[in-house]
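Asks: no letters, just coordinates:
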Ligand SMILES: Nc1ncnc2c1ncn2[C@@H]1O[C@H](COP(=O)(O)OP(=O)(O)OP(=O)(O)O)[C@@H](O)[C@H]1O
């Protein structure tokens, strides 16, 4: 029996919850993606654990299911645990006037998404596996630690504490551990949930005087994973309960895995004894992304979406969208959606057009130093070499490119630019500008590299 069936006006409640879920989705996917794809959804009703939604067109339905289905289910479950699966149907004009039961309208099994979770935990995103995680310098340590914990039979590092900035893959790694353990040891009880949900369940248990079964649920698991632990900062009673749950599990040799946006010692409004406990096992951080990692993620994602994205577009995106991986994925989704809708190929021009707002927010005022850094990353040369007097061809050319771009993209004069390149004379800069123009006119591939660099730096 669902809770909703006992409420006087469940449609009203679903509407309120949809607002709550929408806010989470906007936060995660950005306003533009939300408006384009998810806002058109209509919440119809909830029956036997299935939440029925309608959309205006088949295209939107397919797109939402393929790209946001799991996220949608995940947040609906967090807002209302009674939701077990979703069903999406195209709202045809004819069906509006007819009295058709939801089951009739949503009969196709491939249109539903089933939950995959333990009783008290949250749903796991099926895309968040180790196989789908792209490893690079910034996350290799956290990845290796997560894999070791997932593969070991007894707790190795307890707890494993993963931390890093927004959208860098903490949740992805936690889900990957859970999937792996569930696959290899299906009998093990693995619970994944956010700290917010832990608190919510704890408060509910207090309210219904049911703390015994709350403790029982959490203290009998083999692996407990709590995401976004920073959330319980300042929530003293929850911290207290969390501390005891944590100790009980560790004392019983059960694995605890946690994530947060900061290291244990930097967590705010957290009891000292809890902070020190959190740092007991292995603390692994995920660093901000590098260009190579961003490019790797884009390639993997495009491949999984089975879309052909030109190399220069990927390189451009990897250069421009440096905030986090969530935004990078969102950008690629937007471009793919756009070109699918208008039926055109993906080009640098369409990319710039479609992502105008996003690109602007990733822009900064451009300095010669920014250009030098970008050029070094692009050609894989060291900054010290770029600024040196070495005359090796593989250093001279990037240096000239950096000078050329500094001239066309900043308002600096030739002597000013020369000074930024270890005090070179303005004639050297002028020579570089002419040289790059000359080579670009003859060599198409070189010209295209310059174009990518220029676009990725431009405001
Ligand atoms: N290394 C990676 N390879 C592939 N995808 C990644 C990688 N890192 C992050 N992602 C993707 O980026 C998105 C955001 O990642 P995730 O939700 O794990 O971030 P988070 O660090 O938990 O962020 P938050 O602090 O906001 O909770 C997800 O879709 C995830 O699959």
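Replies: The structure has been received and is ready for your questions. Since the model is a prediction, treat every value here as computed from it, not as a measurement.
Asks: who's in contact with residue 190?
Replies: 118, 121, 178, 181, 182, 221, 222, 223, 225 (CB atoms under 8 Å, 6 or more residues apart in numbering). The way it works is simple: take the backbone N, C-alpha and C, and place the C-beta from them, glycine included.
Asks: the third one falls within a strand, correct?
Replies: So the one you mean is residue 178. No: looking at residue 178 with DSSP: H, G, I helix; E, B strand; the rest coil, it is helix, so not inside a strand.
Asks: doesn't residue 223 make contact with it?
Replies: Yes: taking contacts as CB atoms under 8 Å, residue 178 lies within contact range of residue 223: 7.3 Å.
Asks: which one of the two is surrounded by more residues?
Replies: Ranked by neighbour count (other CB atoms under 10 Å), residue 178 and residue 223 place residue 178 first, with 26 against 23.
Asks: need the contact list for that one.
Replies: Applying CB under 8 Å, 6+ apart, the residues contacting residue 178 are 124, 190, 192, 223, 225.
Asks: that one and the ligand: what is the separation?
Replies: 13 Å (CB to the nearest ligand atom, to the nearest Å).
Asks: got it, and residue 56?
Replies: 26 Å.
Asks: again, but for residue 206
Replies: Distance from residue 206 to the ligand, counting by CB to the nearest ligand atom: 26 Å.
Asks: and the strand or helix carrying that residue, what does it pack against?
Replies: Element membership of residue 206, judged by DSSP states H and E, is helix 195-207. For helix 195-207, the packing partners by 3 or more CB pairs under 8 Å, 6 or more residues apart in numbering; DSSP states H and E come out as helix 211-219, strand 223-227, helix 236-251.
Asks: out of the ones you listed, which is closest to residue 396?
Replies: For residue 396, the closest of these is strand 223-227, at 49.4 Å, according to CB to CB.
Asks: which elements pack onto the closest one?
Replies: Applying 3+ CB pairs under 8 Å, 6+ apart, one finds that strand 223-227 contacts helix 170-184, strand 190-194, helix 195-207, helix 236-251, strand 255-260.
Asks: partner strands of the second one, with direction?
Replies: The one in question is strand 190-194. Strand pairing for strand 190-194, determined by DSSP bridges: strand 223-227 (parallel).
Asks: chain center to the helix holding residue 206, what's the gap?
Replies: How far helix 195-207 lies from its chain's middle: 26 Å, per CA atoms, centre = their mean, to the nearest Å.
Asks: deepest of the helices and strands packed on helix 195-207, which one?
Replies: Greatest average neighbour count among these goes to strand 223-227 (a mean of 25), per mean count of other CB atoms under 10 Å.
Asks: re earlier: could I get the helices and strands packed on strand 223-227 as JSON lines with mean pLDDT?
Replies: Output for the helices and strands packed on strand 223-227, formatted as JSON lines (pLDDT from 0 to 100):
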{"stretch": "helix 170-184", "mean pLDDT": "96"}
{"stretch": "strand 190-194", "mean pLDDT": "92"}
{"stretch": "helix 195-207", "mean pLDDT": "84"}
{"stretch": "helix 236-251", "mean pLDDT": "93"}
{"stretch": "strand 255-260", "mean pLDDT": "97"}
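Asks: out of the ones you listed, flag the one nearest residue 23.
Replies: With CB to CB as the criterion, residue 23 lies closest to helix 195-207 of the helices and strands packed on strand 223-227, at 13.3 Å.
Asks: for the ligand, what's its nearest residue on the stretch 51-200 of the chain.
Replies: Ranked by CB to the nearest ligand atom, the top residue of the stretch 51-200 of the chain for proximity to the ligand is residue 169, at 2.8 Å.
Asks: what about that residue, neighbour count?
Replies: 27.
Asks: residues contacting it?
Replies: Applying CB under 8 Å, 6+ apart, the residues contacting residue 169 are 133, 139, 142, 286, 325.
Asks: wait, the last one sits on residue 288?
Replies: It refers to residue 325. No: using CB under 8 Å, residue 325 is not in contact with residue 288; the gap is 10.2 Å.
Asks: list the residues that contact both of the two?
Replies: By CB under 8 Å, 6+ apart, residue 325 and residue 288 have these common neighbours: residue 168.
Asks: which of these two has more neighbours?
Replies: It is residue 325, of residue 325 and residue 288, that has more neighbours when counted by other CB under 10 Å, with 22 against 12.
Asks: which bits of the stretch 151-300 of the chain sit near the ligand?
Replies: 164, 166, 167, 168, 169, 170, 171, 172, 228, 261, 297 (CB under 6 Å from any ligand atom).
Asks: Throw these into TSV and include distance to residue 91, thanks.
Replies: Listed next are these as TSV, based on distance: CB to CB, whole Å:
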residue	distance to residue 91
164	41
166	35
167	33
168	38
169	36
170	37
171	32
172	33
228	35
261	39
297	35
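Asks: who wins for most neighbours among the residues you listed?
Replies: The member of these that has the most neighbours, counting by other CB under 10 Å, is residue 169 with 27 neighbours.
Asks: next one: that one, what pLDDT does it get?
Replies: pLDDT for residue 169: 97.
Asks: same thing with residue 416?
Replies: If you check residue 416, the pLDDT there is 87.
Asks: where does pLDDT dip in this structure?
Replies: Applying pLDDT under 70 to the chain picks out residues 1-10, 12, 92-120, 361-365, 411, 459.
Asks: and the strands in it, which stretches?
Replies: 42-47, 50-55, 85-90, 112-114, 160-164, 190-194, 223-227, 255-260, 282-286 (DSSP state E).
Asks: residue 76: which of the ones you listed is closest?
Replies: strand 50-55 (5.9 Å).
Asks: residues contacting that closest one, please?
Replies: With CB under 8 Å, 6+ apart as the test, strand 50-55 has contacts from 14, 40-46, 61, 64, 76, 83-91, 102, 105-106, 112.
Asks: partner strands of that strand, with direction?
Replies: Paired with strand 50-55 in the same sheet, following DSSP bridges, are strand 42-47 (antiparallel), strand 85-90 (parallel).
Asks: which one of those is the most hemmed in?
Replies: strand 85-90 (a mean of 21).
Asks: how's this structure carved up into domains?
Replies: Per the record, the chain has its domains at 4-114, 137-286, 301-357, 368-457, by automatic domain parsing.
Asks: can you lay out the ones you listed as JSON lines showing distance to residue 292?
Replies: Shown next, in JSON lines, are the domains of the chain (distance: least, CB to CB, whole Å):
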{"stretch": "domain 4-114", "distance to residue 292": "24"}
{"stretch": "domain 137-286", "distance to residue 292": "7"}
{"stretch": "domain 301-357", "distance to residue 292": "8"}
{"stretch": "domain 368-457", "distance to residue 292": "8"}
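Asks: who does residue 89 bridge with?
Replies: Applying DSSP bridges, one finds that residue 89 bridges with residue 54.
Asks: that one touches residue 58, doesn't it?
Replies: No: taking contacts as CB under 8 Å, residue 89 lies outside contact range of residue 58: 9.9 Å.
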